[in-house]
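Novice: the amino acid sequence is not available; the structure is as follows:
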């Protein structure tokens, strides 16, 4: 297992003795020790210091537990060193030190590596057609023996219901090291995808974590119970080498989290909590601009949702009080001013275009503000009229899934959401 043993001049790199191999003859104590005698001749001038190192090639084998290798320079004998000035051998009593010189014991370890499931991502809910969704975290760990280089990784997709044919659901898969992509996205072949020609160097005793991300196809429909995962099905699905090009045995597998795939997200809306002197019932002055009539809180689940259409109803008999309405996201005006329509007593404003997008973040909420430009008393407003802004829950309502592009056309189960009553006064 130990061959090509040489003495090398550290300064010049020149081989001055050897090479020699350990052999099966001359062994003692079950391969515990073996003596090698080098008979190569080399010169050392007076006053010269020469530093030597001993090197060896170690075979790709499975060493014994706690195996070490150590070189000991045995004491020189009476005919080992000759004085070239007088052509006489140097007395052993003149050689310092007179005893053996033992080198350090070096641990001999086989190259090893393991693959395991990382702590993130955990099981999530993703939407049909989503891009770059984190599917599986993969820990690649080099053993304490050698640095390794991972050269290929094969992932196996496992889907259910609408994703039972995995390639129907998965458009592509890509590996990431942190935020850095590793190579290009790849499509499935059957239910597997293989990343070859990798150059992932992992220092011995350390772990590198990768994340496999997928981009999903947009299916025409997604049935309840649809799931999808990415796995390392066998330890042989990850290949690695040591620095000398020897194959390193990989252990472990990865069963990735089973993610739920839905056709689209869901939307909910409520009247936002009252704000003193703003959205609670109060007096508003005729002729004022940008009076806040109501705030509505929208919540998106499982997907970013974009509001594309909305109708705001006004309470009955208020067409003379409200000149126009506009929508706001905080201080950002989302729409142009819209003059309410009076359709047989039904008073409303339809907002079908937006200056700025109003996107409700996945699993979060956003508040929409309704503001009014009020008519003056001289222009028809009546003091004492109570004005309410009402979110129309069914007619002219539309949010679209940012990933799925699915249209949701009702909210709050079709039940309108009224704001507080505001009393119009002249002063």
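Specialist: That came through, no problem. Quick caveat, the model's predicted, so the values are computed rather than measured. Numbers count the residues shown, from 1 in each chain.
Novice: residues contacting the residue located most distally from the centre of the chain?
Specialist: The centre of the chain is farthest from one residue, residue 86, which by C-alpha atoms, centre = their mean lies 74.6 Å away. By C-beta atoms under 8 Å, 6 or more residues apart in numbering, the contact set of residue 86 is empty. In this view, the C-beta of every residue, glycine as well, is placed from N, C-alpha and C.
Novice: downstream of the helix or strand of the chain with the lowest mean pLDDT, the next helix or strand is which one?
Specialist: Lowest by mean pLDDT, DSSP states H and E among the helices and strands of the chain is strand 106-107, with a mean of 86. Next in sequence after strand 106-107, counting helices and strands by DSSP states H and E, comes strand 112-117.
Novice: just to check, residue 419 is in contact with residue 291?
Specialist: No - with contact defined as C-beta atoms under 8 Å, residue 419 does not reach residue 291; the gap is 11.9 Å.
Novice: neighbour count: those two, which is higher?
Specialist: residue 419 (24 against 20; other C-beta atoms under 10 Å).
Novice: with adjacent residues omitted, what lies nearest to the more buried one?
Specialist: Sequence neighbours aside, residue 294 is the residue nearest to residue 419 in space, at 2.8 Å (criterion: C-beta to C-beta, 6 or more residues apart in numbering).
Novice: show me the contacts for the one you found.
Specialist: Going by C-beta under 8 Å, 6+ apart, residue 294 touches 271, 272, 279, 369, 370, 388, 389, 390, 391, 419, 420.
Novice: host element of it?
Specialist: For residue 294, the element it lies in under DSSP H and E is strand 291-301.
Novice: got the angle between the helix or strand immediately after that strand in the chain and strand 291-301?
Specialist: The helix or strand immediately downstream of strand 291-301 is strand 305-314, counting by DSSP H and E. Per axes from the mean of the first three to the mean of the last three C-alpha atoms, to 10 degrees, the angle that strand 305-314 makes with strand 291-301 is 140 degrees.
Novice: now do the residue farthest from the centre of the chain, the pLDDT please.
Specialist: What the model reports for residue 86 is a pLDDT of 93.
Novice: helix/strand/coil for it?
Specialist: Judged by DSSP: H, G, I helix; E, B strand; the rest coil, the three-state class of residue 86 is coil.
Novice: look up phi and psi at it.
Specialist: phi -120, psi 0 (degrees, to the nearest 10).
Novice: circling back: run the chain-centre distance for the strand holding residue 294.
Specialist: 33 Å (C-alpha atoms, centre = their mean, to the nearest Å).
Novice: in that strand, what's buried?
Specialist: 291, 292, 293, 294, 295, 296, 297, 298, 299, 300 (16 or more other C-beta atoms under 10 Å).
Novice: closest to residue 254 among the residues you listed?
Specialist: residue 300 (31.5 Å; C-beta to C-beta).
Novice: who are the neighbours in contact with the closest one?
Specialist: Residue 300 is in contact with 265, 266, 267, 360, 361, 362, 363, 364, 365, counting by C-beta under 8 Å, 6+ apart.
Novice: name the nearest residue to it, sequence neighbours excluded.
Specialist: Closest to residue 300 by C-beta to C-beta, 6+ apart is residue 360, at 3.9 Å.
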